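# model the following, please.
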Amino acid sequence: MSAKYTTIIIDDEQSARDRLERLLGVYPETFQIIGIAKNGTEAKELINTLNPDLIFLDVEMPGLNGFEVLQSIEVIPIVIFCTAYDQYSLQAFDTNSLDYLVKPVRQERLETTIKKLTLFDRSSNENILNTLRKLTTLKSDTKMTSMTIKKGDKIVFIKLEEVLYFEANEKYVTVHTKNEKHLSEQSLLSLEQKLPEDFIRVHRSIIVNTNYVKEVQKYFGNRYIISLNNDSKTSITTGRTYNTVVKNWMGV
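Okay, here's the model as predicted:
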């Protein structure tokens, strides 16, 4: 294989895809991007059609996740995992001839990956799948701790501990923090699948950080009014279909 790796980027977050594409563009002698997929289904089709040397693969995606993508493709290329979860939870990768990048990906960390590639020997399919099984086992102990928002040419990093709630409206999701509002292109469903257990969906268009809940009052129609502990004293009315979720969270 030549020094240049034909590469596919796979991630459901546009900001993460854009950031990685920009970073890989700094190393044209190493990476030749031949495709970009925004979900597992697209990834499967691109990999089987283009047969890349290497893929940057998000682990947690709606639809087909990283594990299911690798199970469904004909030939497994070199895999570099990308994840929003903390590095300490991914020590299983250290025992395999694979690499992983914790989002947001940083250039200095990518340079380490490039050095590893010069010594890389393709793992067997079974080794790669075993690694993903380990990650699946570790999932309950991992936590997404931050997210990225694209604002023009800038990428804004937001710690989840600062998020009060997420609110879906039409095309975008508004991220409400203590002092600001941001627009995210991630869907509420995608966020719900990645967020830690402190975040619960209380309405079809709202996910709340329970750490900021001040009080909960009963409301008619099997609903509740959730008051948040912020300067604006935000009140959120839950949806009828989320009655059980809210009651389970409250332990009643």
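# all contacts plus neighbour counts: C-alpha atoms, from now on.
Fine.
# residue 157 and residue 188, how far apart?
Per CA to CA, to the nearest Å, residue 157 is found 18 Å from residue 188.
# higher neighbour count, these two?
For residue 157 versus residue 188, neighbours defined as other CA atoms under 10 Å are more numerous around residue 188 (21 against 12).
# helix or strand for residue 29, which one?
Here residue 29, judged by DSSP states H and E, is contained in no helix and no strand.
# how deep is it tucked in, by neighbour count?
11.
# not including adjacent chain positions, what is the nearest residue to it?
residue 4 (5.7 Å; CA to CA, 6 or more residues apart in numbering).
# could you pull out the strands for the stretch 151-252 of the chain?
With DSSP state E, counting those that start in this stretch as the criterion, the stretch 151-252 of the chain has strands at 154-159, 163-169, 172-177, 181-184, 199-203, 206-209, 213-219, 223-228, 235-237.
# reformat those strands as JSON lines; add mean pLDDT and distance to residue 39.
Formatted as JSON lines, the strands of the stretch 151-252 of the chain follow (pLDDT from 0 to 100; distance: least, CA to CA, whole Å):
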{"stretch": "strand 154-159", "mean pLDDT": "83", "distance to residue 39": "21"}
{"stretch": "strand 163-169", "mean pLDDT": "94", "distance to residue 39": "20"}
{"stretch": "strand 172-177", "mean pLDDT": "93", "distance to residue 39": "18"}
{"stretch": "strand 181-184", "mean pLDDT": "91", "distance to residue 39": "17"}
{"stretch": "strand 199-203", "mean pLDDT": "95", "distance to residue 39": "23"}
{"stretch": "strand 206-209", "mean pLDDT": "97", "distance to residue 39": "22"}
{"stretch": "strand 213-219", "mean pLDDT": "95", "distance to residue 39": "33"}
{"stretch": "strand 223-228", "mean pLDDT": "96", "distance to residue 39": "34"}
{"stretch": "strand 235-237", "mean pLDDT": "96", "distance to residue 39": "32"}
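# can I get these in CSV with distance to residue 145?
What follows is these, written out as CSV (distance: least, CA to CA, whole Å):
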stretch, distance to residue 145
strand 154-159, 6
strand 163-169, 11
strand 172-177, 14
strand 181-184, 16
strand 199-203, 12
strand 206-209, 13
strand 213-219, 19
strand 223-228, 21
strand 235-237, 24
